[in-house]
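Peer 1: Quick check, what structure comes out for this input:
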Amino acid sequence: MPGTGLLDTRILDQNSVAELTNGVTPEGVIVAYVGEEINLTGTNTASDTTYLFITGPNLPPSGGRLDSPFTPVIDGDPASFTHSPVQSDNTWKYKWQTSNLGIDAGTYTVYTESAPRSRDTIINTEYSTTPVILLASHSP
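Peer 2: Numbering: from 1, shown residues only. The predicted model follows:
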């Protein structure tokens, strides 16, 4: 947010929710420390699986897996994406562990979508984005 320090924008924490509801963009920004677990949940009425990927500094331009950000997603290849099954009530969840990923503090975008599409062809599916600000790890 312009005019505010990063710590002041911590409106969501590692237990926050990102929503994918019929392709509607989620509210808010997730701010967490590198190493924290971020719970992503939402609803998806467009498919039986929710596909997720991340973009940001030094990551593949088409997007990378959440569990292995430097591994590029391949358009149309479900196995190349991080994914979460959609339950009978149309909800999905994914616990994103941000430790040991090799990524730096910075601003990233998590994409959630109803089909395995890379950033280059995402317009062909229902999707949502969530900005994620990862801060340098803090000492206990």
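Peer 1: separation between Thr98 and Asn90?
Peer 2: Between Thr98 and Asn90 the distance, using C-beta to C-beta, to the nearest Å, works out to 27 Å. Glycine gets a C-beta too; all of them are placed from N, C-alpha and C.
Peer 1: I meant Ser137, not that one.
Peer 2: Relative to Asn90, Ser137 is positioned 35 Å away (criterion: C-beta to C-beta).
Peer 1: Hmm, Thr107 is touching Pro131, no?
Peer 2: Yes. Contact between Thr107 and Pro131 holds when scored by C-beta atoms under 8 Å: they sit 6.7 Å apart.
Peer 1: okay, and for this protein, where does confidence drop off?
Peer 2: 1-28, 138-140 (pLDDT under 70).
Peer 1: Comparing Thr107 and Pro131, which residue is more hemmed in?
Peer 2: A count of neighbours by other C-beta atoms under 10 Å puts Pro131 above the other of Thr107 and Pro131, at 16 against 13.
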